[in-house]
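# Whatever this is, show me its structure:
(one chain, ligands or ions: 1)
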Amino acid sequence: MISAKTLDPARRVWKIASLAAECAMGERYDNVDEVAEAVRNRLLPWFAVHQRQMPWRTRRTPYRVWISELMLQQTRVDQATPYFNRFMRRFPTLKALAGASQEEVLKLWEGLGYYSRARNLHKAAQIIAADFKGRFPRDPAAIRSLPGIGDYTAAAIGSLAYNLDMAVVDGNVVRVLSRLFAFAGDTRLQASRAELQQMADRLLVQGQAGNYNEAMMELGATLCLPRKPRCDDCPLVETCSGFRSGDPARFPAKPPPKKLPHIVVGAGVVTNRKGEVLIAQRRDQDMLGGLWEFPGGKQEPGETIRECIVRELKEELGIVVETGEFLATVRHTYSHFSMEMHTYFARIRSGRPRSLHCKDYRWICIAQLRDFPYSKADLKIIEALESLPRPLR
Ligand code: SF4
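Numbers count the residues shown, from 1 in each chain. This is a model prediction of the structure:
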């Protein structure tokens, strides 16, 4: 066993701090050693037999782990799989990704949401190509320095690709740990997260971090389910405090649901005599930055939707339009607000489009619409346009 005395000063401080955290955990949770042993002797063998096949598990390179982890955040495995396969076909290497345009990356990300991840991974690929000779860094601090990579993603890459002893704590792991230790804290709080990270670090099987992390996540995804945990099939059932409590599903504590703000948006499908449609590209610094859209924006108090469209298009593109027929209403819920977007056809009465509050704009025919990346809401408008019985004139 490594003694703190034999380490250099910085590692000694770290070792003493982690030993102190271990002791504190042992005092708070009397089943820590029991759970750690069950993780090593039962969870890992269970994972070896029961793990699901996933394309990124066949070859765990840092590049493949990175892309899959970013895609899997907020997305289910079955939804992420076709995206991952398409992405790898088009960008099989980090070099191929670094040499692509941002727009092409966004197009392959279209529908996954959280588009800042796609913009950041593109930037990070370019940094790795320029500053790390195209090789994904191994040092955790260097991994964390890349755009869009926080503690969770760095630990996933470090453990799954390089087998570094780093424990990951994602939503599934939070649920498993909360139940194993009957942890009643509010898991949204920083202090709770730190405590859960300590639990994960304590259970980590040294030298097998990749398998340990994947096994914990797999347990959360397949057995330790949010509403109805399948404890009878669980390899950790004998050591689980949540199970012993008789009601494991009450962990982690559920905060009261937040009421999301709702916004109403007006958007114009501006057409010209050639039957083309005007689309605008959102600015990089804005939400959904880099994606294309039918221009428009948020309705202001006292304004009709038609008035909103006229005002927004003047502000965004410097054109004065007159609105025509109604096309569609689409609804979408983002993580922090819900939205309904009302779309009307429109024609330019005066002015020529300019990029005032957008990155770029284009006149394109309906057949070209899908060459550009859009948000889910704008894709629904495209579907409505494609289903029109007559061409645009
Ligand atoms: S015994 Fe049940 S609650 Fe405990 S970890 Fe296993 S599935 Fe989750």
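# Who are the contact partners of residue 369?
Residue 369 is in contact with 277, 279, 382, 385-386, counting by Cβ atoms under 8 Å, 6 or more residues apart in numbering. Every C-beta, even on glycine, is put in place using the N, C-alpha and C of the backbone.
# Pull out the buried residues from those.
277, 279, 382, 385 (16 or more other Cβ atoms under 10 Å).
# Which members of these are positioned in strands?
Among these, DSSP state E puts 277, 279 in strands.
# min pLDDT across the buried ones among the contacts of residue 369, which one?
Within the set of those, pLDDT is lowest for residue 385 (93).
# ok, the closest residue to the ligand within the stretch 251-393 of the chain to residue 35 distance?
Using Cβ to the nearest ligand atom, the closest approach of the stretch 251-393 of the chain to the ligand is made by residue 251 at 7.6 Å. When distance is defined by Cβ to Cβ, to the nearest Å, residue 251 is 14 Å away from residue 35.
# related to what we said a few turns ago, can I get the buried ones among the contacts of residue 369 in TSV including distance to residue 153?
Output for the buried ones among the contacts of residue 369, formatted as TSV (distance: Cβ to Cβ, whole Å):
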residue	distance to residue 153
277	38
279	32
382	32
385	37
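# Can you pull the residues of this protein lying near the ligand?
Residues of the chain lying near the ligand by Cβ under 6 Å from any ligand atom: 176, 179-180, 223-224, 229-231, 234, 236-237, 240, 242-243, 248.
# which among the residues you listed end up buried?
Buried by 16+ other Cβ under 10 Å: 176, 179-180, 223-224, 229, 231, 234, 236-237, 240, 242-243, 248, out of those.
# how deep is residue 288 tucked in, by neighbour count?
21 (other Cβ atoms under 10 Å).
# Please disregard the earlier target; I meant residue 313.
That count, for residue 313 with other Cβ under 10 Å as the rule, works out to 27.
# And residue 68, by the same measure?
23.
# Check residue 116 too.
Residue 116, neighbours per other Cβ under 10 Å, totals 14.
# do the one 5 residues further on as well
Here the count is done by other Cβ under 10 Å, and residue 121 has 25 residues near it.
# For it, which three-state class applies?
Counting by DSSP: H, G, I helix; E, B strand; the rest coil, the backbone at residue 121 sits in helix.
# and it, what is it in contact with?
Going by Cβ under 8 Å, 6+ apart, residue 121 touches 66-67, 70, 97, 105, 147-148.
# Domains in this protein, by residue range?
The chain breaks down into these domains under automatic domain parsing: 31-250, 262-386.
# now the end-to-end length of the shortest one.
Spelled out, it's domain 262-386. 28 Å (Cα to Cα, to the nearest Å).
# ok, now the first one?
From the first residue to the last, domain 31-250 extends over 19 Å; the measure is Cα to Cα.
# Also stretch 143-159?
End to end - Cα to Cα - stretch 143-159 spans 12 Å.
# Show me what the nearest residue to residue 308 once chain neighbours are set aside is bridged to.
Take residue 308 and drop its neighbours on the chain: the residue closest to it by Cβ to Cβ, 6 or more residues apart in numbering is residue 266, 3.7 Å away. Beta-bridge partners of residue 266, counted by DSSP bridges, are residue 297, residue 342.
# what's near enough to touch residue 266?
296-297, 299, 305-306, 308-309, 312, 341-344.
# okay if I get the residues you listed as JSON lines plus distance to residue 273, neighbour count and pLDDT?
Rendered in JSON lines, the data for these read as follows (distance: Cβ to Cβ, whole Å; neighbours: other Cβ atoms under 10 Å; pLDDT from 0 to 100):
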{"residue": "296", "distance to residue 273": "22", "neighbour count": "26", "pLDDT": "97"}
{"residue": "297", "distance to residue 273": "26", "neighbour count": "19", "pLDDT": "97"}
{"residue": "299", "distance to residue 273": "29", "neighbour count": "21", "pLDDT": "98"}
{"residue": "305", "distance to residue 273": "25", "neighbour count": "20", "pLDDT": "98"}
{"residue": "306", "distance to residue 273": "22", "neighbour count": "18", "pLDDT": "98"}
{"residue": "308", "distance to residue 273": "25", "neighbour count": "23", "pLDDT": "98"}
{"residue": "309", "distance to residue 273": "20", "neighbour count": "29", "pLDDT": "98"}
{"residue": "312", "distance to residue 273": "23", "neighbour count": "23", "pLDDT": "98"}
{"residue": "341", "distance to residue 273": "26", "neighbour count": "26", "pLDDT": "98"}
{"residue": "342", "distance to residue 273": "25", "neighbour count": "20", "pLDDT": "98"}
{"residue": "343", "distance to residue 273": "20", "neighbour count": "26", "pLDDT": "98"}
{"residue": "344", "distance to residue 273": "18", "neighbour count": "24", "pLDDT": "98"}
